[in-house]
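**Q** Make a model of this:
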Amino acid sequence: MKKLFIYLCLLLLLSSNAFAADISYNSLNENLKQGYKITKETSSQKQKTFTLKKNDEILLCVVFLNDHETECWKP
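**A** Sure, this is the predicted structure:
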């Protein structure tokens, strides 16, 4: 029983990359090229926030205007 549990855990750990989505969490432009559409845009003096949607998937991207850096994530 203990071996079965260990094998099951190893299988789940090793197969998790096979189900990973092809999302670039560092680039707004790369996500737009992959078919995501901007559905909402808000801005302040320091940052712009974009809500992206593709089918049922939603991403949030923040562009920091001072550093020209981008961070994207799934909510």
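**Q** Tell me where this structure has strands.
**A** With DSSP state E, the ranges of strands along the chain come out as 37-43, 47-54, 57-64, 69-73.
**Q** With mean pLDDT and mean neighbour count as added columns, please give those strands in TSV.
**A** Where you see a C-beta, it was placed from the backbone N, CA and C, and this is true even at glycine. Rendered in TSV, the data for the strands of the chain read as follows (pLDDT from 0 to 100; neighbours: other C-beta atoms under 10 Å):
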stretch	mean pLDDT	mean neighbour count
strand 37-43	95	11
strand 47-54	94	16
strand 57-64	92	16
strand 69-73	89	15
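**Q** Can you tell me which of the ones you listed is nearest to Tyr25?
**A** Distances from Tyr25 to each of the strands of the chain were compared using C-beta to C-beta; the minimum, 4.8 Å, belongs to strand 69-73.
**Q** partners of the closest one in the sheet?
**A** Listed by DSSP bridges, the sheet partners of strand 69-73 and their directions read strand 57-64 (antiparallel).
**Q** List the contacts of the residue of the chain positioned farthest from its centre.
**A** The outermost residue of the chain, judged by C-alpha distance from the chain's mean C-alpha position using C-alpha atoms, centre = their mean, is Met1 at 37.1 Å. Met1 makes contact with no residue under the criterion C-beta atoms under 8 Å, 6 or more residues apart in numbering.
**Q** Nothing else from me, thank you.
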